[in-house]
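A.B. asks: Here's a sequence, model it:
(one chain, ligands or ions: 2)
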Amino acid sequence: MADAGMLRFHVPEPEVRPGGTPDFSNVTIPKAGSVPRPEIDVDPRTIRDMAFSIIRVLNRNGEAVGPWAGLLSDDELLEGLRNMMTLRSFDQRMQMAQRQGKTSFYMQHLGEEAVSCAFRKALTPGDMNFPTYRQAGLLIADGYPMVTMMNQIYSNEADPLKGRQLPIMYSSKEHGFFSISGNLATQYIQAVGWAMASAISNDSRIAAAWIGDGSTAESDFHAALVFASTYKAPVVLNVVNNQWAISTFQGIARGGSGTFAARGLGFGIPSLRVDGNDYLAVHAVAKWAAERARGNLGPTLVEYVTYRVGAHSSSDDPSAYRPKAESDAWPLGDPIVRLKNHLIQRGVWSDERHAQAEAEILETVIAAQKEAESHGTLHAGGKPSTRDMFEGVYAEMPPHLRRQRQQAGV
Ligand SMILES: Cc1ncc(C[n+]2csc(CCOP(=O)(O)OP(=O)(O)O)c2C)c(N)n1
Ligand SMILES: [Mg+2]
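C.D. replies: Ligands and ions are numbered 1, 2, ... in the order given. Okay, here's the model as predicted:
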C-alpha cells in the first residue's frame, strides 16, 4: 500500500555512472531486416509497434538485408562514406582549432555522422531543413564549401554571417539549411509553419524539423506535433536520440513514453525508429517519410537511435557524468565502420582504399583550413568590420542603433 500522506516524485537515473561498467542490455536491438516496410499511405494505427522497434538494414556481416535495403547504388554508397569521413575529419580539425584558440567554441558529430549525411540524400533541391548544431552533415553532403563553414567558425573577414552568429551556427538558403538557432525546439514549430506555408502556396517543397532527445521536453516540440498532425503538414519530424542532453540522460525527457517515437502516437502520426548508425537504414526511412510528406500524406516522426561519442561541445567533459568506455559498449557500432564493411562486402572497397581516402580527405580539409586561416581566425588576421554589426538586421535602422554606430565611429 502507498504511504498515506507521503507523496514522492520520481527522478529517472541512468543505469550507470562514472566508474561503473557500461550497460546497454536494456536497449533491445531487433535483427537487421526484421522490421517490415509498409506502404507510405499506411494507416498509422496499424504500425504502432514500429515506434518501439528499430529499422535496420546492415547486419553483423556487413550485408544489406530486408525490405528497407536496395535503394542506393555503389556510387551513392561510396559518396555517403566519403561524406561521413569528411565530416569526421572536419570535426577533428575544428576541435583542434578550438583547443588552439582559433575559435571560441565547437561541437562535433562523432558517432552520429550517418544521420545528417544520409538524410540529406533523401531530400530534393528546395526542401528546407530546420537543423540544430548537430547536423552539419546536411551541408557537407550537399556540397556546401568547407572553407565557408570554417570562415564562420573563425569569425574572420570572409565569415558569410559577419560575426553575428555563434561559430558552427551555419545558414544557407541555397542548401536548404535554415539559420541554426541556439534556442532548441524552435526548429520544430518553424519547420511545421514553413511546411504549411509551402502547402498554402501550392509549392512542392517539404520541410524537415530537427531536435535532440533532450529538447523534446520543450513545449515547442509538442505544439509543433499538434499543428503537424491536425493540418497534415508536409514535414518530416526528426528526433535524434543520441542518449544524452549534455549531462542529462535520455530517460529524463523520454519519461514514461517508452521511446521518443512513441510521442507521435498520441497525435496519430506514423512514428518509426531507425538505427541511426546504419547509413542505408537512415536513408531508406528518410526517403519513406519524405515521400509521405510530398504525397500529401502528412508528417512522419522518425527517431534515430544513436550515441553521442564525443563531448557535448568543446565546453563539456563527459567523464563527469558517464563511464569513459560507454561509447565502446554502444551496441549499434560506428556508422563509418559499418558502411565501410558493407562496401568491402559488396566488393567495391578495401582497407587500403579506405586508408587512402582517409589521407586524401584529411589533405582536402587541411587545404580548406589553410585557406580559411588566410582570412583570419578568432584572435588573428582579418575580422568582419564593426560596421557590419549594425547592418542587415533592420530595413530601416532604428535611432538608437544609428546613435551607437555614430559613437563607434563606423
Ligand atoms: C530552449 C533551450 N534550452 C536550453 C538550452 C541549453 N542547451 C544547449 S544544448 C542542450 C542539450 C540538448 O540536448 P539534446 O536535445 O539531446 O541534443 P544533443 O545536444 O544531444 O544533440 C541544452 C539543454 C538551449 N540551447 N535551448
Ligand atoms: Mg541528445
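
A.B. asks: number of nearby residues for the closest residue to Met150 other than its chain neighbours?
C.D. replies: Nearest-residue entry for Met150: Ala372, 3.5 Å, with adjacent residues in sequence omitted and distances by C-beta to C-beta, 6 or more residues apart in numbering. Using the backbone N, CA and C atoms, a C-beta is placed for each residue, glycine as well. Neighbour count for Ala372, taken as other C-beta atoms under 10 Å: 26.

A.B. asks: Contact partners for Ala372?
C.D. replies: Residues counted as contacts of Ala372 (C-beta atoms under 8 Å, 6 or more residues apart in numbering) are Val147, Met150, Asn151, Ile153, Tyr154, Asn156, Ala158.

A.B. asks: Among those residues, which ones are in helices?
C.D. replies: Restricting the contacts of Ala372 to those inside helices, with DSSP state H as the criterion, leaves Val147, Met150, Asn151, Ile153.

A.B. asks: among those residues, which ones are buried?
C.D. replies: The neighbour-count test (16 or more other C-beta atoms under 10 Å) applied to the ones in helices among the contacts of Ala372 identifies Val147, Met150, Asn151, Ile153 as buried.

A.B. asks: Just the closest of these to ligand 2, please.
C.D. replies: Ligand 2 lies nearest to Ile153 out of these, by C-beta to the ion, at 21.7 Å.

A.B. asks: ok, back up a step: check the contacts of Ala372 against ligand 1, which are close?
C.D. replies: Under the cut-off given by C-beta under 6 Å from any ligand atom, ligand 1 has nothing from those close to it.

A.B. asks: coming back round to it: shouldn't the residue nearest to Met150 be within a helix?
C.D. replies: Yes. The assignment for Ala372 is a helix, going by DSSP: H, G, I helix; E, B strand; the rest coil.

A.B. asks: who touches the residue in the stretch 151-300 of the chain that ligand 1 sits nearest to in this structure?
C.D. replies: Closest residue of the stretch 151-300 of the chain to ligand 1, C-beta to the nearest ligand atom: Gly212 (2.2 Å). Shown here is Gly212, whose contacts under the criterion C-beta under 8 Å, 6+ apart are Thr132, Arg134, Leu184, Val239, Val240, Asn241, Asn242, Ala245.

A.B. asks: three-state assignment of the fifth one?
C.D. replies: Reducing the assignment to helix, strand or coil with three-state DSSP, the entry for Val240 is strand.

A.B. asks: my guess is it meets Asp213, correct?
C.D. replies: Yes. With contacts counted by C-beta atoms under 8 Å, Val240 reaches Asp213, the gap being 7.1 Å.

A.B. asks: ok, the residue nearest to Met150 to ligand 2 distance?
C.D. replies: When distances are taken as C-beta to the ion, to the nearest Å, Ala372 and ligand 2 turn out to be 29 Å apart.

A.B. asks: ok, now Val27?
C.D. replies: Spatial separation of Val27 from ligand 2 under the definition C-beta to the ion is 15 Å.

A.B. asks: which residues touch Gln95?
C.D. replies: Neighbour list for Gln95: Tyr106, Gln108, Gly310, Ser314 [criterion: C-beta under 8 Å, 6+ apart].

A.B. asks: Please, which helix or strand holds it?
C.D. replies: Taking DSSP states H and E as the definition, Gln95 sits inside helix 74-99.

A.B. asks: hmm, that helix touching ligand 1?
C.D. replies: No. Helix 74-99 lies apart from ligand 1 when judged by C-beta under 6 Å from any ligand atom; the minimum separation is 13.7 Å.

A.B. asks: Dump stretch 54-72 to CSV, restricted to CA.
C.D. replies: These are the backbone C-alpha positions of stretch 54-72, laid out as CSV (Å, rounded to 0.1, in the frame of the first residue of the first chain):
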residue,chain,number,x,y,z
ILE,A,54,14.3,-0.4,-34.7
ILE,A,55,14.5,-0.5,-38.5
ARG,A,56,17.9,-1.9,-39.5
VAL,A,57,19.4,-2.8,-42.9
LEU,A,58,23.1,-3.7,-42.2
ASN,A,59,23.6,-7.0,-40.4
ARG,A,60,26.7,-8.1,-38.4
ASN,A,61,28.4,-9.4,-41.6
GLY,A,62,28.0,-6.1,-43.3
GLU,A,63,25.2,-7.3,-45.6
ALA,A,64,22.2,-5.2,-46.5
VAL,A,65,19.1,-7.2,-45.8
GLY,A,66,15.3,-6.9,-45.6
PRO,A,67,12.6,-4.7,-47.1
TRP,A,68,14.4,-1.4,-46.4
ALA,A,69,17.5,-2.5,-48.4
GLY,A,70,18.4,-1.9,-52.0
LEU,A,71,17.7,1.8,-52.6
LEU,A,72,21.3,3.0,-53.1
